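A.B. asks: Predicted model, plus sequence, below.
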Amino acid sequence: MDCACSSEKKLSARVKRIAGQVAGIERMLGDKRYCVDILNQIAAVRSALDALGVELLTRHLETCVLGHGSGSEHEDARPMTREEILGEVKTTLSRFLK
């Protein structure tokens, strides 16, 4: 098993875990659970999403930014100048950090 395949499986497992947490919030609402308990679960989901985003951003920086032009970037990555890459990273970070 190569590293990329293992990494994809880990990311998929994280997304499924987050989906389970969100479904749990829906059940909590239906069960009329204590508001603070629901808010705590929402905070946990937000934290899990942030961790997933950091993982994806790190992967993007490693492969598509630092590896740009080496053939390691994503198949949908278009050729860009250094300035365009920097602009993409800035835009991505500003959206992610909102």
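C.D. replies: Sure, I can see it. Residues are numbered from 1 along each chain as shown.

A.B. asks: What is the subsequent helix or strand relative to the longest helix belonging to the chain?
C.D. replies: The longest helix of the chain (DSSP state H) is helix 3-30. Of the helices and strands lying after helix 3-30 in sequence (DSSP states H and E), the nearest is helix 35-60.

A.B. asks: List the buried residues for the longest helix of the chain?
C.D. replies: Within helix 3-30, the residues scored as buried using 16 or more other CB atoms under 10 Å are 14, 18, 21, 25, 28. Every C-beta, even on glycine, is put in place using the N, C-alpha and C of the backbone.

A.B. asks: With stretch 82-97 instead?
C.D. replies: Applying 16+ other CB under 10 Å to stretch 82-97 flags 85, 88, 92 as buried.

A.B. asks: how about low-confidence regions in the protein?
C.D. replies: 1-5, 72-73 (pLDDT under 70).

A.B. asks: on that earlier part again, now the angle between helix 35-60 and the longest helix of the chain, please.
C.D. replies: With axes from the mean of the first three to the mean of the last three CA atoms, to 10 degrees as the basis, helix 3-30 and helix 35-60 are set at 160 degrees to each other.

A.B. asks: which residues sit against stretch 42-53?
C.D. replies: With contact meaning CB atoms under 8 Å, 6 or more residues apart in numbering, stretch 42-53 is reached by 11, 14-15, 17-18, 21-22, 25, 96.

A.B. asks: 6 Å - rerun?
C.D. replies: For stretch 42-53, contacts defined as CB atoms under 6 Å, 6 or more residues apart in numbering pick out 14, 18, 21-22, 96.

A.B. asks: Tell me the one among those nearest to His68.
C.D. replies: Relative to His68, the closest of the contacts of stretch 42-53 is Phe96; by CB to CB it sits at 19.3 Å.
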